[in-house]
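Participant: Attaching a predicted model along with its sequence, questions to come.
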Amino acid sequence: MALGGTSYAAIKLPRNSVSSVQVKDRSLLKKDFKTGQLPAGKKGAAGAPGPAGPAGPPGAGAGVPAVVSRAEGVDALVPGTGDQTIQSMNLSAGSWIVTAKFVAENGGPVGFLSCRLTIGGVPVDTLGPGNGVDFDQGAAMNTLTGGGTVAGGGPAAVVCNTNNTVTAGSYRARSMTAIKAASVDAG
């Protein structure tokens, strides 16, 4: 059919009859393809970072240790003065498992040296006459461990004393570690 010098082909192409030979380069658009039909292109440069998100809820604190740094100096336990705190740390409210390591020595053959670990002022472990073990004259590494609850926050401390009014004991505080726990069984 011819209309004033212009021709028009009124034919319908059969399915899958057009090949890449008949398609002009760069003439097809994304909309001409089904989803997933085209492979992904090269990854572009990273965009600017977005704003920081809101802070998350506070954790229970379990498993996050608080540690007092080591002190290597030798300190004297003054004879006959009663309780002397050799190392301590402040704890927030909650249940705690505390381990204290220190070197302690009974300074002479007469008298005794005893030490105890307290959490919130409550004794949780003892070395010395309170449990039938006295420190010898030789210095040795000692460990006190226990668990307790501090209602409104408070100290964990290693408290030592000697009944000897003549010969003092000595200690070297090594470390004190506290780990917050979900609860502590006092039994």
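Facilitator: Structure's in. What do you need?

Participant: what's the burial count for residue 103?
Facilitator: The burial metric for residue 103, expressed as a neighbour count using other C-beta atoms under 10 Å, is 15. (Glycine included, C-beta is placed from N, CA and C.)

Participant: so who does it touch?
Facilitator: Shown in contact with residue 103 (C-beta atoms under 8 Å, 6 or more residues apart in numbering): 139-142, 171-172, 174.

Participant: Kindly recompute the last result at 7 Å.
Facilitator: 139-141, 171-172, 174 (C-beta atoms under 7 Å, 6 or more residues apart in numbering).

Participant: Please apply the same query to residue 140.
Facilitator: With contacts taken as C-beta under 7 Å, 6+ apart, residue 140 has the following neighbours: residue 103.

Participant: beta partners for it?
Facilitator: With DSSP bridges applied, residue 140 shows beta-bridge pairing to residue 104.

Participant: confidence score at it?
Facilitator: Model confidence at residue 140, expressed as pLDDT, equals 71.

Participant: Next one: it from residue 49, what distance?
Facilitator: Relative to residue 49, residue 140 is positioned 55 Å away (C-beta to C-beta, to the nearest Å).

Participant: And residue 169, by the same measure?
Facilitator: Distance, residue 169 to residue 49, using C-beta to C-beta: 59 Å.

Participant: and what of residue 156?
Facilitator: To residue 49, residue 156 is 42 Å away according to C-beta to C-beta.

Participant: now do residue 144
Facilitator: As judged by C-beta to C-beta, residue 144 and residue 49 stand 48 Å apart.

Participant: repeat for residue 91
Facilitator: 38 Å.

Participant: ok, those two, which is more surrounded?
Facilitator: Set side by side, residue 91 and residue 49 give different neighbour counts by other C-beta under 10 Å, the larger being at residue 91 (21 against 6).

Participant: Tell me, what's the model's pLDDT at the nearest residue to that one once chain neighbours are set aside?
Facilitator: Closest residue to residue 91 in three dimensions, ignoring its sequence neighbours and counting by C-beta to C-beta, 6 or more residues apart in numbering: residue 150, at 5.1 Å. Here the pLDDT value assigned to residue 150 is 88.

Participant: Identify the bridge partners of residue 150.
Facilitator: According to DSSP bridges, beta-bridge pairing links residue 150 with residue 94.
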